[in-house]
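Trainee: got a predicted model here, sequence first, then my questions.
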Amino acid sequence: MSKRALMAGALAVAVGLVTAPVNAGETMVTYTISGNTIPKSLTGKPGDPKKGRALAIARKKGNCLACHMMPIPEQDDHGQIGPPLYGIAGRVTPAEMRLRLVDPKRMSPETAMPAFYKKDGLHRVLKKFQGKTILSAQEIEDVVAYLSTLK
């Protein structure tokens, strides 16, 4: 088995153990993908960067630090599987960030990053997480708002 496959498998286990899914009864928001973006907010409201930062570092929610280095010095153990998120707002638009959070495999089929706002078409999902999203639509917008501050 390749090193990449082993890392992806380990990440899938780690993410499955630490993420808290959103209520399975929550209605999914309909969105439109245009190219490599979801151009419009999932909620029609702007996100809150402060809430987004908290979600990004929350081990049972976004858990971005499991895979990414970020400008969050008070937290230890930043991951190195994904690209560093320093300056991400200078490289990626909010619409591109939104798609990467909602369904990262649309842009990079081999990525180990989980789909944070998707219930269907997923593979190797623990039974207790099936039919649930990791983040709500508003939480996606909050994380997008936070990442947009990282210039």
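Mentor: Great, that's in hand.
Trainee: and T149, how many residues sit next to it?
Mentor: 13 (other CB atoms under 10 Å). All C-beta spots, glycine's among them, are computed from the backbone N, C-alpha and C.
Trainee: quick check: the nearest residue to it once chain neighbours are set aside vs V144, distance?
Mentor: On the basis of CB to CB, 6 or more residues apart in numbering, the spatially nearest residue to T149 that is not a chain neighbour turns out to be P49, at 5.1 Å. Between P49 and V144 the computed distance is 9 Å (CB to CB, to the nearest Å).
Trainee: of the two, give the one with the bigger neighbour count.
Mentor: Per other CB under 10 Å, whichever of P49 and V144 has more neighbours is V144, with 26 against 17.
Trainee: related to what we said a few turns ago, so what's the residue nearest to T149 up against?
Mentor: Remark: with contacts taken as CB atoms under 8 Å, 6 or more residues apart in numbering, P49 is in contact with 142, 145-146, 148-149.
Trainee: my read: R98 touches V143, true?
Mentor: No: the pair formed by R98 and V143 falls short of the contact definition of CB atoms under 8 Å, at 9.1 Å.
Trainee: spatially central residue in this protein, please.
Mentor: When CA atoms, centre = their mean is applied to the chain, the residue found nearest the centroid is L101 (3.8 Å).
Trainee: neighbours of the residue nearest to V92 when sequence neighbours are not counted, how many?
Mentor: Setting aside the residues directly before and after it, V92 is nearest to R100 in space (CB to CB, 6+ apart), at 7.3 Å. R100 has 24 neighbouring residues, counting by other CB under 10 Å.
Trainee: and the one 4 residues further on, by the same measure?
Mentor: Per other CB under 10 Å, the neighbour tally for P104 reads 18.
Trainee: can you give me the neighbour number for V102?
Mentor: Neighbours of V102 (other CB under 10 Å): 22.
Trainee: swap in K119?
Mentor: Applying the criterion other CB under 10 Å, we find 17 residues in the vicinity of K119.
Trainee: coming back round to it: roughly how far apart are the residue nearest to the centre of the chain and N36?
Mentor: The span separating L101 from N36 equals 13 Å under the rule CB to CB.
Trainee: hmm, who's touching stretch 132-141?
Mentor: 19-24, 26, 28-29, 41-43, 45-47, 51-52, 55, 61-62, 98, 101-102, 114-119, 143.
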